[in-house]
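Asks: structure for this input, please:
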Amino acid sequence: MSRDLGFALLELLLSIGFTIAAVRLLVINGLERLAQVLRWSAKTKGQILGYATSLPELVAVVATALNGRESLAGGFWNIASSNVINLVLFLAAVVFYLRYWELLNPRFIEEISFCAFSVLLPLVLAATGVSPSLALGLTLLGSFLGYQFLDHSLAEVQGKRGQEPHPQPPDEAGGIAAEHTPQSQGTSLALLLIGAATLAIAGHRLGNSAELLIETIHMPAWLVGCCLGLVTSLPELTAFFELYARSTGQGETHKLDATQANLDTLVSSNMSNIGLIYPLGLVVFQISEWLGLDALIGV
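Replies: Sure, this is the predicted structure:
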């Protein structure tokens with residue numbers, strides 16, 4: 001058993017390294033280049049990054065849903081804790097880069113409101129003891145669609161969505177535009193997709209190795225889920241700090257772009273966790289129960 005745990009610990013450390021590398025070198029680089037080619041707004045860029053960084057949660061929740069009801073409870077707590085941890089990590093990046101004053105800007109009111117909703121919703125579900133069901137999944141999916149509609153409508157009113165009017169000029173100070181000159185759309189998309197695939201695989205191994213280490217000391221399902229939420233939040237941690245690190249030298253015109261992108265990364269990641277990924281887990285769980293797949297898996 002000790003040898004198995006040693007391999008699990010090694011796999012965990014390697015998976016952490018691959019996760020960070022995939023986000024920094026592939027996902028964000030590909031997204032930055034694609035955003036320049038297509039002249040995406042900071043909001044659009046942040047939302048796509050948020051969905052990409054939720055891939056480890058997707059893999060983990062689907063895996064737990066296939067393993068039966070008790071394991072599904074761990075998947076729920078993975079989502080609930082991940083949403084809280086993502087908020088804490090975002091605030092840590094804000095404080096580290098001294099951007100807290102930007103959160104007082106009225107343009108961010110809706111993102112902050114959506115963030116609060118995404119953090120409180122799973123906690124309310126946990127406190128009220130709502131049983132997992134397809135009806136709950138449909139309700140959560142409805143909340144995600146409502147978020148999409150409201151966010152899109154409010155962004156259109158405030159002019160946050162759409163294309164940048166002009167590409168960012170090269171900046172010798174080492175900002176985003178200095179690092180990434182416009183390149184072909186195909187190359188940029190390939191980087192993003194390879195990074196997303198690498199992130200999904202690394203996230204899967206990350207969750208597996210962490211779960212083996214945790215279950216060896218016989219933690220309850222909710223605590224296992226919380227610990228998995230911590231490790232599956234590594235992509236968001238990397239993204240928040242990396243976006244702020246790259247925002248130096250953007251100038252006055254784009255000085256709020258990093259906070260806009262980070263807020264939308266946070267919100268889209270959290271909302272997809274509770275409004276898309278967990279409902280998908282509920283569907284997978286119901287199908288596995290109907291077909292008896294959980295018994296075949298051996299849990």
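Asks: helices along the stretch 101-250 of the chain, start to end?
Replies: Secondary structure of the stretch 101-250 of the chain (DSSP state H, counting those that start in this stretch): helices located at 109-128, 134-158, 176-179, 185-216, 221-231, 234-246.
Asks: what pLDDT, on average, does the first one get?
Replies: Taken as a whole, helix 109-128 carries a mean pLDDT of 96.
Asks: got the angle for it vs helix 134-158?
Replies: Taking axes from the mean of the first three to the mean of the last three C-alpha atoms, to 10 degrees, one finds that helix 109-128 is oriented at 170 degrees with respect to helix 134-158.
Asks: tell me which other helices or strands helix 109-128 touches.
Replies: Judged by 3 or more C-beta pairs under 8 Å, 6 or more residues apart in numbering; DSSP states H and E, helix 109-128 is in contact with helix 69-96, helix 134-158, helix 257-272. C-beta coordinates here come from the backbone N, C-alpha and C atoms, glycine included.
Asks: which residues does that helix contact?
Replies: 76-77, 79-80, 83-84, 87, 103, 136, 140, 143, 147, 150-151, 154, 260, 263-264, 266-267, 270-271, 273-274, 278 (C-beta atoms under 8 Å, 6 or more residues apart in numbering).
Asks: quick check: buried residues in it?
Replies: 110, 111, 114, 115, 117, 118, 119, 121, 122, 125 (16 or more other C-beta atoms under 10 Å).
Asks: any chance of those in CSV, with distance to residue 95 too?
Replies: Formatted as CSV, these follow (distance: C-beta to C-beta, whole Å):
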residue, distance to residue 95
110, 22
111, 18
114, 21
115, 16
117, 23
118, 21
119, 18
121, 25
122, 24
125, 29
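Asks: which one among the residues you listed gets closest to residue 186?
Replies: Using C-beta to C-beta, residue 111 is the member of the buried residues of helix 109-128 that lies nearest residue 186, at 31.4 Å.
Asks: look up how far residue 266 lies from the closest one.
Replies: As defined by C-beta to C-beta, to the nearest Å, residue 111 lies at a distance of 8 Å from residue 266.
Asks: just give me the neighbour total for the residue nearest to residue 43 when sequence neighbours are not counted.
Replies: Leaving aside its sequence neighbours, residue 43 sits nearest to residue 160 (C-beta to C-beta, 6 or more residues apart in numbering; 4.5 Å). Residues lying near residue 160 (other C-beta atoms under 10 Å) number 20.
Asks: with residue 96 instead?
Replies: Neighbour tally, residue 96, other C-beta under 10 Å: 12.
Asks: how close does it get to residue 245?
Replies: Distance from residue 96 to residue 245, by C-beta to C-beta: 10 Å.
Asks: same question, residue 193
Replies: The gap separating residue 193 from residue 245 is 24 Å, by C-beta to C-beta.
Asks: try residue 15
Replies: Relative to residue 245, residue 15 is positioned 23 Å away (C-beta to C-beta).
Asks: now do residue 220
Replies: Per C-beta to C-beta, residue 220 is found 38 Å from residue 245.
Asks: about what we covered before: dump the helices and strands packed on helix 109-128 to TSV, plus mean pLDDT and distance to residue 188.
Replies: What follows is the helices and strands packed on helix 109-128, written out as TSV (pLDDT from 0 to 100; distance: least, C-beta to C-beta, whole Å):
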stretch	mean pLDDT	distance to residue 188
helix 69-96	91	25
helix 134-158	94	23
helix 257-272	96	16
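Asks: looking at the ones you listed, which is buried most?
Replies: Most buried of these, by mean neighbour count (mean count of other C-beta atoms under 10 Å): helix 257-272, with a mean of 27.
Asks: ok now that helix, how far from the chain's centre?
Replies: Relative to its parent chain, helix 257-272 has a centroid offset of 9 Å by C-alpha atoms, centre = their mean, to the nearest Å.
Asks: for the stretch 151-299 of the chain, give me the ranges with low pLDDT.
Replies: In the prediction, the stretch 151-299 of the chain carries residues with pLDDT under 70 at positions 161-183, 207, 210-211, 214-215, 217, 249-254, 293-299.
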